[in-house]
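Asker: pasting the structure only:
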């Protein structure tokens, strides 16, 4: 047992590889900004490559945990705490999403972040460690450490490189999430004592805790995850955090951090508390649908583009939650795909917003208009992104939403097709606020002189967006490979619920 | 072989779209060559398939359509399969789609002034304003080329992809995908001149309004899928499934599952085919370039809505069979008939040449929907095809007229609206080809007896309504037919007959062959297509030509619908049909032949009084929707949800909690900590100070310490992991 053995395991490598970059960054002088950027980019690029290697060794047909790495870690009061990493059909796509979005987000900071580049990149890579760890950890204790760990870099990313009101946003983000996590921590401790272990596979092997306790545990976990998602009415930290965060922070926040919440439901709430999951499905479904409509309605009147996109996330994640708690194969698979879709589409939207902000230093919709003529490439790419977010057939959003609607419509756990009915109304609203945004920025006459001299996207900016756009089309036209990765694991998960 | 070609039909225009966008967007000639080449290939493929279909024969083709599928995505246990299919119904739709699309593409070359000089002040996002040229030493203004010429051909190619996809689909999901892609293209093309605020607003309105319908359609698909486990036609339209759907109770409206699904899908049609109450977008959509109006808003996309209801007719019919459940059919018949009449009345009071046609389209689509609603789906399909030809002809004709007028406007420098029919007059002499073809199209629309295709299809709908005992529908449609003939003749009279009423009209002249050519081709169909469906018992003419169309389409649903015998021929609906057509034309001519001046009030204003204003303003539906829907929606979002709920309630609760925690903390510290736990208090105080320093550091920006701290944490974590792991 030595360090070579530890890092030679692909899951350890993919989790901790960014540390190499962190060390290199620290050894680089702070004035060499471009070198710092390249180090961060290459590190995250290699991490992505490692995650592809994980994918290559992943067997989609196997519904179980794969590539598991388990070692006893330490003991507390006679309780064995394990270090367990593993990947299965529920987490593989999220792992890939994380490692895929990180280099893109770093690339987007090239000219946006000019101050404290060194610290920024360090935090960013540390954040990646935390996020990857969350998706791979299979010991509740370890999971909790990674979960809390992600808060710190994000807090600083918002608090230092954020907008004018950044302190309020950062503290709101930190305290809010922290408060939710505490309830989860209590539940984790209770479960550790009850099972005599924190290992999730062992808990599943022992069977669920019965009775009313299961409901309480479900709710305690749900509190942490629902804040993270965020579910209505616990969402109000999100618009503030997004508006104040730097572009790259928003991309990761929307693209990955929110998925930690939905992933938590999927990974822990459904299999560990199966009866409670069925019991609370209508409630969760109701909150999800309220979130869909509420988020969409609030998006519509926003003048700040970023706020508009932030509220649209509330709406989109409502769809994910609805799919999860439909507790049908279509619903859950649609939900997992929609997590990926949201990461891609909303990530791209934040990038797009960041690009115009860099040029004009405003995000007020009234400051734009008629930009399609001035920036045709930017207009075209934004349009595709907007349409993807609206769920136009042929692009990724539709596949996820359609599956979720199918799943929710026939769901026994939800018990009524009305959930799907109201959720579908959210699809109309999505068209309303998205097109409204597009129209305000790109169509109509050019009202402001300053806009006439704006430059179209640079090659680097196009390169930043293109991988996301390619994925929108890929998932939209041929989603089979993505479903193939999750299908057996989802069936396995649902079999445990019956 | 057949199925391979079927797959290719949508692909040609898609490839053209991609090529134009990626490589050809700077080269106009290449752009239109690619686009036209693609649709000509699709046209040739369609014609070949149509010919093959004729060879195979309707009965056989219905039983074994050209059909091929691929696995698309795994759902539950099985696969969601997508594929292409050609059955008799799809074959006739493919026929008119292929023809109209090619004609419209060719026409667009002339319409966008290919070969004309660049405009003096033209810019992207606005229509061309004309260019100054020197001719024999003196300057004059001529039309200029469209600045976004290539983009136009890219978008229409994408549109053609959507339409072909919809027609060749073997399932409702790809049909829906084509449907939505067309919706997107419609949005892009209505707002083609995106710097015009009116065009921008119209584009948004069109997309939103149709999306309302689309969402209900999507729900219908979801419901259908949960019931059947598939969305492919073959799985849905078979006797067992239909029986199952017709006998399962739906959760709402006292309908069977078949009824509710049918109704939900039908709402999609209401949006797409601009039926009341979702009709408001289509007239505004005329802001787009005229070929777009012809293609999207007359011949193909709006027809797709009607195609859908015909396609799901077996489902609708099955829903009506079970006496225990309410049938959706009366709703469909009502909406169709009402729309037919309602839109026709508005058309009477419009002066914009394209808007008249827009309302006319709404009205004619209403005819088809009404026909489906009374069970006459074959008649609906017949009218769908003939209407596509003659309405595309009329729109292209109106575009030609506007073009001629614009030429005159540029030449004279007169500031008149080239689309207002009151500014025209006497164009018959200036634009003879446009006139004669427009006349044919207009007469077909009016149902001019025997000669025109529109007569045969409209007569069939009226005859079925009468014969099946739907008196209300019959008389509503008859009145609408009278109004149709009336406003058509009003249009022809105001535009082409009499004397020119403006200088611009004096100087209008005929458009180039790329525009008049398609007009002539479409005119042939506007006359001849009716001959494929002459009833056997029609006086004198019956039986001269084989009645081909009706049995051909009816074969599609062979065995799915109860047999009902041939309607007995009756003279009454025929006489009504002939007299409303001729009467309307005559009255229209009599009333409008006397119009002398461009600023003259409409002769109807005197007759109708204030009612004319109501018609002119389209019954104030736009205003009504603004006050009833748009403004409340904004208020709900901006004031109620955002300001009151989000910032007012949710955040206030949050801030209150935070405030009390802070107070509690202070209380604990000041009242308990300091006096009571004095010793410990020092430590706590240190801790608090530490926290304060932490925040100060962040605020003052000395962050490297904390970054370092975080790094130390991470490294410590790793070391800890490593230590314990290796120890064991």
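Answerer: Sure thing, it's come through. Worth saying up front: this structure is predicted, and the values here are computed from it rather than measured.
Asker: Return the residues of the stretch 51-200 of chain B in contact with chain A.
Answerer: The stretch 51-200 of chain B comes close to chain A at residues B:71-76, B:123-125, B:173, B:176-177, B:180-181, B:184, B:187, B:191, B:194-195, B:197, B:200, as judged by CB under 8 Å from any CB of the partner chain. (Glycine included, C-beta is placed from N, CA and C.)
Asker: From residue A:82, how far off is residue A:75?
Answerer: As defined by CB to CB, to the nearest Å, residue A:75 lies at a distance of 10 Å from residue A:82.
Asker: Of these two, which one has the most company?
Answerer: More neighbours surround residue A:82 than the other of residue A:75 and residue A:82, with 23 against 10 (other CB atoms under 10 Å in any protein chain shown).
Asker: which residue packs closest to that one, ignoring adjacent ones?
Answerer: Residue nearest to residue A:82 in three dimensions, not counting chain neighbours: residue A:139, with 4.7 Å by CB to CB, 6 or more residues apart in numbering or on different chains.
Asker: which stretches of chain B have low pLDDT?
Answerer: B:74-78, B:563-566, B:661, B:665-666, B:668-728 (pLDDT under 70).
Asker: what ranges do the strands span in it?
Answerer: B:66-75, B:78-86, B:131-135, B:138-142 (DSSP state E).
Asker: just so I know, which of the ones you listed lies nearest residue A:98?
Answerer: Among the strands of chain B, strand B:66-75 comes nearest to residue A:98, with 23.8 Å by CB to CB.
Asker: Tell me how far the closest one lies from the chain's centre.
Answerer: Put simply, strand B:66-75 sits 27 Å off its chain's centre (CA atoms, centre = their mean, to the nearest Å).
Asker: Not counting that strand itself, show me its contacts.
Answerer: Contacts with strand B:66-75, where a contact means CB atoms under 8 Å, 6 or more residues apart in numbering or on different chains, come from A:329-330, A:399, A:403, A:406, A:478-480, A:483-484, A:487, B:2-4, B:6-7, B:49, B:52-53, B:79-86, B:170, B:232, B:234.
Asker: helices and strands around the longest strand seen in chain A, which ones?
Answerer: In chain A, with assignment by DSSP E, the single longest strand is strand A:66-76. Here strand A:66-76 touches helix A:10-16, helix A:33-57, strand A:79-87, helix B:704-727, going by 3 or more CB pairs under 8 Å, 6 or more residues apart in numbering or on different chains; DSSP states H and E.
Asker: Adjacent strands (with direction) for that strand?
Answerer: Sheet pairing here is set by DSSP bridges, and for strand A:66-76 it gives strand A:79-87 (antiparallel).
Asker: when you compare where the strand it pairs with runs with where helix A:33-57 runs, what's the angle?
Answerer: Calculated by axes from the mean of the first three to the mean of the last three CA atoms, to 10 degrees, strand A:79-87 forms an angle of 90 degrees with helix A:33-57.
Asker: tell me the contacts of residue B:460?
Answerer: With the criterion set at CB under 8 Å, 6+ apart, residue B:460 makes contact with B:376, B:378-379, B:382-383, B:533, B:535.
Asker: The stretch 151-300 of chain B: helices as residue ranges?
Answerer: B:172-190, B:197-228, B:233-236, B:239-247, B:257-272, B:281-284, B:290-294 (DSSP state H, counting those that start in this stretch).
Asker: From residue B:373, how far off is residue B:558?
Answerer: Residue B:558 is 22 Å from residue B:373, by CB to CB.
Asker: More neighbours: the two, which one.
Answerer: Neighbour totals were compared for residue B:558 and residue B:373, and residue B:373 leads with 27 against 14 (other CB under 10 Å).
Asker: so what's that one closest to, chain neighbours aside?
Answerer: That would be residue B:333: by CB to CB, 6+ apart, it lies 2.7 Å from residue B:373.
Asker: Near chain B, which residues of the stretch 1-150 of chain A are found?
Answerer: Residues of the stretch 1-150 of chain A found near chain B (CB under 8 Å from any CB) are A:1-3, A:6, A:16, A:19, A:22, A:26, A:71-74, A:83, A:116, A:119, A:122-123, A:126, A:129, A:145, A:149.
Asker: Which of these fall in strands?
Answerer: Those of the residues of the stretch 1-150 of chain A next to chain B lying in strands (DSSP E): A:71-74, A:83.
Asker: Most widely separated two among those?
Answerer: So, those by CB to CB: farthest apart are A:71 and A:74, at 10.5 Å.
Asker: Buried ones from the ones in strands among the residues of the stretch 1-150 of chain A next to chain B, can you make that a ChimeraX selection?
Answerer: Typed into ChimeraX, the line below selects the buried ones among those, using 16 or more other CB atoms under 10 Å in any protein chain shown:
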select /A:71,73,74,83
